[in-house]
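generate coordinates for the sequence data below:
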Amino acid sequence: MKTVKALAQGTGSSIAVSRCQTCDSDRLESILFLGYLPPVNTMPTIGERPKEQPGYPAELLYCRNCSLAQLGLIVDPAILFPPQYPYSSGTTKVLRDNFKELYDECSTVVALKPSDLIIDIGSNDGTLLSNFKNAGHKVFGIEPTLMGNKAVEAGIPTELAFFSVETAARVRDQIGKAQIITATNVFAHIENIHSIVDGILSLLDDDGIFISESHYLLSLIETLQYDTIYHEHLRYYSLSSLKYLLNKHGLELIHAKRIPTHGGSIRVYAARKGAHKVLPSIEQITELEQKSGLATTMLEQFKMRVTVSKLALNSILLDLKRSGHRIFGVGAPSRASTLINYVGIDDGILDCVVEVKNSHKVGKNMPGTIIPVKEEGCLFEEQPEYALLLSWHIKEELMHNLTAKGFHGQYIVPLPHPVIVKNDGKTVVREIK
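Just a heads-up that it's a prediction; the model follows:
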C-alpha cells in the first residue's frame, strides 16, 4: 500500500500487476502482449532532436477468478495525465451526442429534482455536466487536468484534483452528497479501485445512483480493438466483472446499456442494494456474455486475430508504398499511438497525421515516432492518394466530413480488419480478413 500511495504522488514509479486489481487473485492469464509502448501523451515538438524516452510493457491479463481484464503494469498517473492533458471531450460529436443521451436516459431511470446534485468524476471540459446544468440541476465536476478550467469558464464549478477518498470528503463537506455521480471513460483509468468506490459511496446519497461508462470487453474482443490497450486504461470491464467489483461494496447493478462511444463501451447504473428496481437489461447482457464465449473461445482466439490483422494492414501499406502512393493519417487519439507503435508505422509510411486546427497535438510528433501532426487543411491542399483513419471508431463521421470538405483520395480503415474504401465512404475497394 505504501508503494501505491507513493505512486499516486508522482514518483515516476510503476507497479507490475501480479494479483488482480479487483479480487486480489493470482490467477492471471496473459492474453496479449503489444510490446513496450510510450506514454500516449509523450509528443515531442516537431523538429526536436529525438532523445531517450520511456517505454512501458503493454500486456493484457485476464483474471480467471472475477473475469476482470486488466493491464499488467500500473504507470504513475502523473506521467499519464499531465496538467496540460490534451484530450477534450467536447470536440467529438459522438461524445456530445452520447452525453445528451445519457441525460435523457437518466430521466427515465430516476426522477431528478432541480435541487438534486450531479457530480462528474473526470469531468474534463464539462461537456457531460452541461446537459444537467442546462436543465436546471446543480452540478459539480472533479478533474485533475487544466481542462477543468474550461468547465469553470462555462459556469460549471470544478475541483481541480485527482479523485480520492480525501477529495470526496472535501467535496462532500463543501457542497453535500450527490443524487447522481457519473464517471465516463475514467472508472477504468484510476488505480486503487476499491478506495475509489469507497470515495464514491461517501459522496452518494442513500438512494443515489452511480453511472459509469467504460470500454466494454466484449466489444473490444468482437471488433479487435487492441488499439484501446494503453497505459491509461488499467481495466477492461465486462458486466460480470463490474458486478463482482461493485457487489463487494454493497452496490447492485440496476441497468446496463451497450453504447457506441470509443468503439464500444458499456454504461452501467448501480445503487445501494434494494434502493432501486433492477431492470431486465442486467440479466440480458449477462446472458449475452455467457453465450458469446467471452471468457473462453473469444479470449483464446484474440491473440491470433490481432496478429493476423497487424500483418494484413502491413500488407496493404506495403503495396501502396511500392506503388509510390502518399498516405496521411487522420486523427491522433490516444489509441493511434498503440496502433502505430505495435504495427511498426513510421514517417516513411505515413507522411503526417492531421488533426483539426485548434488541436493541442498540432505541431507535435506522434508518440514513439517522428511522424508530424499537422493541421487538417494540408490534407485538402496536398491531396494524398490515401488517408489512414486512426480514429477509425468514428469512421462514418470522419469519411463524411472529410469528403464534404474536399478530400478526393481513398480511405484506409485499419480495424477490425483492414479495408480500403472509396471516397464515397461506402464502396470497399480492397479488404483483407
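
which residues does residue 63 contact?
20, 22-23, 25, 27-29, 69-70, 241 (CB atoms under 8 Å, 6 or more residues apart in numbering). Placement of C-beta: from N, CA and C, glycine included.

change it to 6 Å
When contacts are counted by CB atoms under 6 Å, 6 or more residues apart in numbering, residue 63 touches 20, 25, 28.

and what about residue 149, helix, strand or coil?
Recorded secondary structure, residue 149: helix (DSSP: H, G, I helix; E, B strand; the rest coil).

would you list every one of the helices in this structure?
2-8, 77-80, 93-109, 127-134, 148-153, 165-175, 193-203, 217-222, 239-247, 281-292, 299-322, 334-343, 377-382, 395-405 (DSSP state H).

rewinding a little: tell me the most packed of the contacts of residue 63, by neighbour count.
Ranked by neighbour count (other CB atoms under 10 Å), the contacts of residue 63 have residue 20 at the top, with 23 neighbours.

ok, the residue lying closest to that one once chain neighbours are set aside to residue 108 distance?
The shortest distance from residue 20 to any non-neighbouring residue, by CB to CB, 6 or more residues apart in numbering, is to residue 63 (4.2 Å). Distance, residue 63 to residue 108, using CB to CB, to the nearest Å: 34 Å.

so the protein: which segments form each domain?
Per the record, the chain has its domains at 2-80, 91-222+231-292, 298-431, by automatic domain parsing.

and those domains as JSON lines, adding mean pLDDT?
JSON lines is the format used below for the domains of the chain (pLDDT from 0 to 100):
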{"stretch": "domain 2-80", "mean pLDDT": "85"}
{"stretch": "domain 91-222+231-292", "mean pLDDT": "94"}
{"stretch": "domain 298-431", "mean pLDDT": "96"}
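
which residues does the closest residue to residue 357 other than its chain neighbours bridge with?
The spatial neighbour of residue 357 that comes closest, neighbours along the chain excluded (CB to CB, 6+ apart), is residue 375 at 5.1 Å. Beta bridges link residue 375 to residue 355, judged by DSSP bridges.

isn't residue 375 right up against residue 361?
No - contact between residue 375 and residue 361 fails when scored by CB atoms under 6 Å: they sit 10.4 Å apart.

so these two - more neighbours on which side?
Taking neighbours as other CB under 10 Å, residue 375 and residue 361 compare with residue 361 leading, 20 against 16.

coming back round to it: dump the contacts of residue 63 to CSV, plus distance to residue 273.
Below are these laid out as CSV (distance: CB to CB, whole Å):
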residue, distance to residue 273
20, 23
25, 24
28, 29
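
TSV for the helices of the chain, including distance to residue 58 and mean neighbour count?
Converted to TSV, these look like this (distance: least, CB to CB, whole Å; neighbours: other CB atoms under 10 Å):
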stretch	distance to residue 58	mean neighbour count
helix 2-8	18	13
helix 77-80	13	19
helix 93-109	24	16
helix 127-134	28	22
helix 148-153	28	18
helix 165-175	29	15
helix 193-203	19	19
helix 217-222	14	22
helix 239-247	20	21
helix 281-292	24	14
helix 299-322	12	16
helix 334-343	7	24
helix 377-382	29	14
helix 395-405	24	16
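
so which of the ones you listed is nearest residue 263?
Comparing the helices of the chain against residue 263 with CB to CB, the closest turns out to be helix 217-222 (6.7 Å).

so what's residue 259 up against?
By CB under 6 Å, 6+ apart, residue 259 lies in contact with 265, 267.

residue 215 versus that one, what's the distance?
To residue 215, residue 259 is 11 Å away according to CB to CB.

any common contacting residues for those two?
Here residue 259 and residue 215 have residue 265 as joint contacts, going by CB under 6 Å, 6+ apart.

what count of nearby residues applies to residue 433?
Counted with other CB under 10 Å, residue 433 comes out at 10.

could you find the closest non-adjacent residue to it?
Per CB to CB, 6+ apart, closest to residue 433 is residue 417, 4.8 Å.

again, but for residue 329
Of all residues not flanking residue 329 in the chain, residue 353 sits nearest, at 3.6 Å (CB to CB, 6+ apart).

is it true that that neighbour touches residue 330?
No - Residue 353 is not in contact with residue 330 according to CB under 6 Å; the separation is 7.2 Å.

the more surrounded of the two?
Legend: neighbour count by other CB under 10 Å for residue 353 and residue 330, higher for residue 353 (26 against 23).

okay, the more buried one and residue 81: tell me how far apart.
Distance, residue 353 to residue 81, using CB to CB: 22 Å.

for residue 349, give me its contacts.
Counting by CB under 6 Å, 6+ apart, residue 349 touches residue 317.

do you know how far it is from residue 50?
Counting by CB to CB, the gap from residue 349 to residue 50 is 17 Å.

could you do residue 299 as well?
Using CB to CB, we find residue 299 at a distance of 37 Å from residue 50.

grab the most central residue of the protein for me.
For the chain, the residue lying nearest the average C-alpha position, counting by CA atoms, centre = their mean, turns out to be residue 185 (5.3 Å).

dump the residue contacts of that residue.
By CB under 6 Å, 6+ apart, residue 185 lies in contact with nothing.

just residue 392 next, same as before
Going by CB under 6 Å, 6+ apart, residue 392 touches 413-415.

redo that, cut-off 10 Å
Going by CB atoms under 10 Å, 6 or more residues apart in numbering, residue 392 touches 223, 225, 227, 263, 330-331, 333, 335-336, 339, 398, 411-416, 418-419.

of the residues you listed, grab the buried ones for ChimeraX.
The command below creates a ChimeraX selection of those among the contacts of residue 392 that count as buried (16 or more other CB atoms under 10 Å):
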select :225,227,263,330,331,333,335,336,339,398,411,412,413,414,415,416,418,419
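
so which of the contacts of residue 392 sit within strands?
Secondary structure from DSSP state E places 330, 411-413, 419 of the contacts of residue 392 in strands.

picking that back up, now the residue nearest to residue 329: how far from residue 314?
From residue 353 across to residue 314, the span is 18 Å (CB to CB).

and if you look at residue 411?
According to CB to CB, residue 411 and residue 314 sit 18 Å apart.

next: residue 294.
Remark: distance between residue 294 and residue 314 (CB to CB) = 28 Å.

can you check residue 423 too?
Counting by CB to CB - residue 423 and residue 314 are separated by 24 Å.

do the same with residue 350
13 Å.

again, but for residue 332
Separation of residue 332 from residue 314 (CB to CB) stands at 21 Å.

before we move on, what about residue 239?
Per CB to CB, residue 239 is found 35 Å from residue 314.

can you tell me how far the residue of the chain positioned farthest from its centre is from residue 386?
Here the chain reaches farthest from its C-alpha mean at residue 323, the gap being 35.5 Å by CA atoms, centre = their mean. The gap separating residue 323 from residue 386 is 10 Å, by CB to CB.
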